[in-house]
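# Got a predicted structure plus its sequence, pasted below:
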Amino acid sequence: MNTTDNLIPRPSHVALLDGPAFTLGSTARITASDSAVAVAQQLASLLRRGTGYELPIVEDTRPGDISLELTDTFDGGPEAYVLTAGEDEVRLTASTGAGLFNGVQTLRQLFPAAVEGADRSDNTWVIPAVEIADAPRFAYRGLMLDVARSFFTVEEVKAQIDVMTQFKLNALHLHLTDDQAWRIEIHEPEHNPSGLPYAQLTALGGQGAVEVPTAVPARGRQGFYTQQDFRDIQAYAATKNVLVIPEIDLPGHVNAALASIPQLNPDGAAKPMSTTAEVGWSTLTADLPATYEFVREVLGQLAAITVGPYLHIGGDEAKVTEHDDYVAMVQQFVQIGADTGKTVVGWNEFAAVELPEGAVIQYWHGDFAPVVQQAEQSGATVIMSPAANTYLDQKYASDSPIGLEWVEGGPFTWSEYYNWDPAQGGLKDQQILGVEGPLWTETVRDNEQAQWLLYPRAVSLAEVAWSGQEVRNAGDFRRRLGAMGERLAKQGVVFQEAPDVEWSANSTWPFPETATSSDSKYGTIEA
Ligand code: TNX
């Protein structure tokens, strides 16, 4: 066994070559020209931390260097790459910066795990002679962070991006609004026929958070993103090949909006803010003109600051919305979304309306037939988030200190999130945009807790989304996960020490399995 056997996600093609290995020496350079320089700089800073070498970025190549090259000759798709290592060089080629970025993540894992630490231990930085040709199965490989129930700062979101991208995850869905809070600044527009107080959405709605007695602490965190914050997150994400997908959840999950904007209520009176974790009890009103005025303004402003092509409009769990009202509203919302020029995404309930061309359905729960039907008839593509295979908020075991436990078949470990095929129920790969693991945050309060629920299950999802079924194997994956522990530990990433995995290192902060409200590092919960 060597590092080529331990790669996650597993590449489509790995062949060891006859011949001597590559050794990174202290005088090595990284060669890159023009558009490859940005990725080269990221590789250099990764390797400098572990090795302490200077690793300057230069244009010409000499023996012993790592070279990054953008060429059109390789046609594995926009994210593909080829990596070869031999005695004289490591060469990474791709046709896009994204492909090079993916190759860098592989290269990083080919070095000994010590490269992830800053202890500069006395190591030789050897890579076996190898040829790797790799491309993703699915274009969309995502995580969702529910920043509504409990807030995450810009810096925290960036830190999550840093961790997820080493597994070639490339989409971050931000659930920006819900019953408990509204997290994205909406400016007061010049044209405001009903005089809606948009600033209240964050002034009041941004102060909300969920409250759950078993969480530590019980109350979620408050806060919101200014439009500039949201741009900053996207700009940072882009440097790591990550696309941000913002969600405004409509027409249910809207209490924070109803509390902030009185005119959205039929009686014109603002609702009180609420901290309950209950779902499905709030709704916009179909026959209020202010509903559509509001949605058009919010989606318009959000689209204007969103870099990527997608706008998520929710659509889930509108349990107190009459079906006819649901259809009437969502039919207009998808049109308003499409009018912004973006591709609309919605949870699978929204497949009940006629979808605009190219719409994306995110399947999480319930009837799959309408999803397949829309994919067949309107050409919609699907993001697969079936709760029992992807829900990162669920407990690992019934005594897990945090997490929820409502999804049938649970609790869930790395293996339930590994042992499934997104192509199911008659859906073909071409109809599947990709895979996403949502992290709902009713019980999550900071990055460490988030990481504990995410890892290792998000690693399972990364391989499901990237690697073809033919190269996947649960037993082998379990072994590779074990080896990955040391890298995560050196990075300071918290992970759940799944008891059926032989971990090469302990998590830096194993969430105490027996944590109680009073002995956690958070102190006592206020009721
Ligand atoms: C269902 S999944 C929800 C969320 C909750 C989650 C908790 C979905 C589209 N809606 O509002 O946070 O369950 O697991």
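Noted; the coordinates are in hand.
# which stretches of the stretch 201-350 of the chain form helices?
Under the criterion DSSP state H, counting those that start in this stretch, the stretch 201-350 of the chain carries helices at the ranges 227-239, 255-260, 289-305, 323-339.
# er, the stretch 401-527 of the chain I mean
Using DSSP H, counting those that start in this stretch, the helices found in the stretch 401-527 of the chain span residues 447-454, 457-466, 474-491.
# Mean neighbour count for those - can I get that in CSV?
Quick note: C-beta positions are derived from backbone N, CA and C, even for glycine. Converted to CSV, these look like this (neighbours: other CB atoms under 10 Å):
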stretch, mean neighbour count
helix 447-454, 23
helix 457-466, 27
helix 474-491, 19
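# now the closest residue to the ligand within the stretch 251-400 of the chain, nearest residue through space, not along the chain?
With CB to the nearest ligand atom as the measure, D316 is the residue of the stretch 251-400 of the chain nearest to the ligand, at 3.4 Å. Take D316 and drop its neighbours on the chain: the residue closest to it by CB to CB, 6 or more residues apart in numbering is W347, 3.7 Å away.
# got the residues of this structure near the ligand?
279, 316-317, 347, 364, 391, 393, 404, 440, 442 (CB under 6 Å from any ligand atom).
# how about a cut-off of 8 Å?
Contact residues (CB under 8 Å from any ligand atom) of the chain with the ligand: 146, 149, 178, 249, 253, 277, 279, 314, 316-317, 347, 362, 364-365, 385, 387, 391, 393-394, 404, 406-407, 438, 440-442.
# if we can go back for a sec, point out the one among the helices of the stretch 201-350 of the chain that comes closest to V212.
Among the helices of the stretch 201-350 of the chain, helix 255-260 comes nearest to V212, with 16.1 Å by CB to CB.
# Which stretches in the stretch 351-500 of the chain count as strands?
Using DSSP state E, counting those that start in this stretch, the strands of the stretch 351-500 of the chain run over 360-363, 381-384, 432-439.
# For the nearest residue to D421 once chain neighbours are set aside, give me the pLDDT.
Once flanking residues are discounted, D421 sits nearest to Q469: 5.9 Å by CB to CB, 6+ apart. The score at Q469 is 98. That number is its pLDDT.
# Distance check, Q469 against E59.
Distance of Q469 to E59, given as CB to CB, to the nearest Å: 41 Å.
# now do I245
37 Å.
# Pick out whichever of those two has more residues nearby.
Comparing I245 with E59 by neighbour count (other CB atoms under 10 Å), the higher total belongs to I245, at 25 against 10.
# residues in contact with A375?
Applying CB atoms under 8 Å, 6 or more residues apart in numbering, we find A375 in contact with 361, 381-382, 427, 431.
# In which helix or strand does the residue positioned nearest the centre of the chain reside?
Centroid check for the chain by CA atoms, centre = their mean gives L143 as the closest residue, at 2.2 Å. Following DSSP states H and E, one finds L143 within strand 140-146.
# Rounded mean pLDDT for that strand, please.
pLDDT averaged over strand 140-146 gives 98.
# for stretch 80-96, same thing?
Averaging pLDDT along stretch 80-96 yields 96.
# Can you report how many residues neighbour S415?
18.
# My read is that S26 contacts L55, right?
No - under the criterion of CB atoms under 8 Å, S26 makes no contact with L55, lying 9.1 Å away.
# Which one's more surrounded, these two?
When neighbours are counted by other CB under 10 Å, L55 comes out ahead of the other of S26 and L55, with 23 against 11.
# Name the SS class of the closest residue to that one other than its chain neighbours, please.
Nearest residue to L55, sequence neighbours excluded (CB to CB, 6+ apart): A44, at 4.6 Å. Under DSSP: H, G, I helix; E, B strand; the rest coil, the three-state class of A44 is helix.
# ok, how many other residues are close to A44?
20.
# pretty sure E293 is touching H191, no?
No - with contact defined as CB under 8 Å, E293 does not reach H191; the gap is 9.6 Å.
# what about those two, which has more around it?
Under the neighbour definition other CB under 10 Å, E293 and H191 were set side by side, and E293 has more, 18 against 6.
# Contacts only, for that one.
Shown in contact with E293 (CB under 8 Å, 6+ apart): 193-194, 196.
# can you pick the most crowded of the residues you listed?
Comparing the contacts of E293 by number of neighbours (other CB under 10 Å), L196 comes first, having 23 neighbours.
# State the distance from A40 to the ligand.
40 Å (CB to the nearest ligand atom, to the nearest Å).
# if you skip the residues just before and after it, what's nearest to that residue?
Per CB to CB, 6+ apart, closest to A40 is A32, 3.6 Å.
# For the one you found, grab phi and psi.
The phi and psi torsions at A32 (degrees, to the nearest 10) take the values phi -160, psi 150.
# hmm, back to that, isn't the residue of the stretch 251-400 of the chain closest to the ligand up against A352?
No - the pair D316 / A352 is not scored as a contact, 11.6 Å apart, by CB under 8 Å.
# So which of the two has more stuff around it?
Set D316 next to A352 and count neighbours by other CB under 10 Å: D316 wins out with 21 against 17.
# List the contacts of the more buried one.
If you count contacts by CB under 8 Å, 6+ apart, D316 has them with 249, 252-253, 347-349, 364.
# What of L201?
Neighbouring residues of L201 by CB under 8 Å, 6+ apart: 182, 184-186, 256-257, 260-261.
# Identify whichever of the helices of the stretch 201-350 of the chain lies nearest to Y455.
helix 227-239 (19.1 Å).
# Centre of the chain to that closest one, how far?
Averaging C-alpha positions (CA atoms, centre = their mean, to the nearest Å) puts helix 227-239 14 Å from its chain's average.
# got the angle for it vs helix 289-305?
In terms of direction (axes from the mean of the first three to the mean of the last three CA atoms, to 10 degrees), helix 227-239 departs from helix 289-305 by 50 degrees.
# what comes up buried for helix 227-239?
Of the residues in helix 227-239, 229-230, 232-234, 236-237 count as buried by neighbour count, 16 or more other CB atoms under 10 Å.
# Stretch 327-344 now?
Counting neighbours by 16+ other CB under 10 Å, one finds that the buried residues in stretch 327-344 are 327-330, 332-334, 336-338, 340, 342-344.
# what about stretch 46-62, start to end distance?
Chord length of stretch 46-62, first to last residue, is 21 Å (CA to CA, to the nearest Å).
# one step back: restricted to buried residues, select the contacts of D316 in ChimeraX.
To isolate the buried ones among those in ChimeraX, judged by 16+ other CB under 10 Å, type:
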select :249,252,253,347,348,349,364
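# got the contacts of D316 as JSON lines, with pLDDT and distance to V157 columns?
JSON lines is the format used below for the contacts of D316 (pLDDT from 0 to 100; distance: CB to CB, whole Å):
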{"residue": "D249", "pLDDT": "98", "distance to V157": "18"}
{"residue": "G252", "pLDDT": "98", "distance to V157": "25"}
{"residue": "H253", "pLDDT": "98", "distance to V157": "21"}
{"residue": "W347", "pLDDT": "98", "distance to V157": "22"}
{"residue": "N348", "pLDDT": "98", "distance to V157": "26"}
{"residue": "E349", "pLDDT": "97", "distance to V157": "27"}
{"residue": "W364", "pLDDT": "98", "distance to V157": "22"}
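# how about the contacts of D316, which pair is most distant?
H253 and N348 (14.9 Å).
# ok so, going back, if you rank the contacts of A375 by neighbours, which is first?
Neighbour counts for these (other CB under 10 Å) peak at I361, which has 28 neighbours.
# Across the sheet, point out what pairs with that one.
I361 has these beta-bridge partners by DSSP bridges: G346, V382.
# go on, L143?
Counting by DSSP bridges, L143 forms beta bridges with L172, G437.
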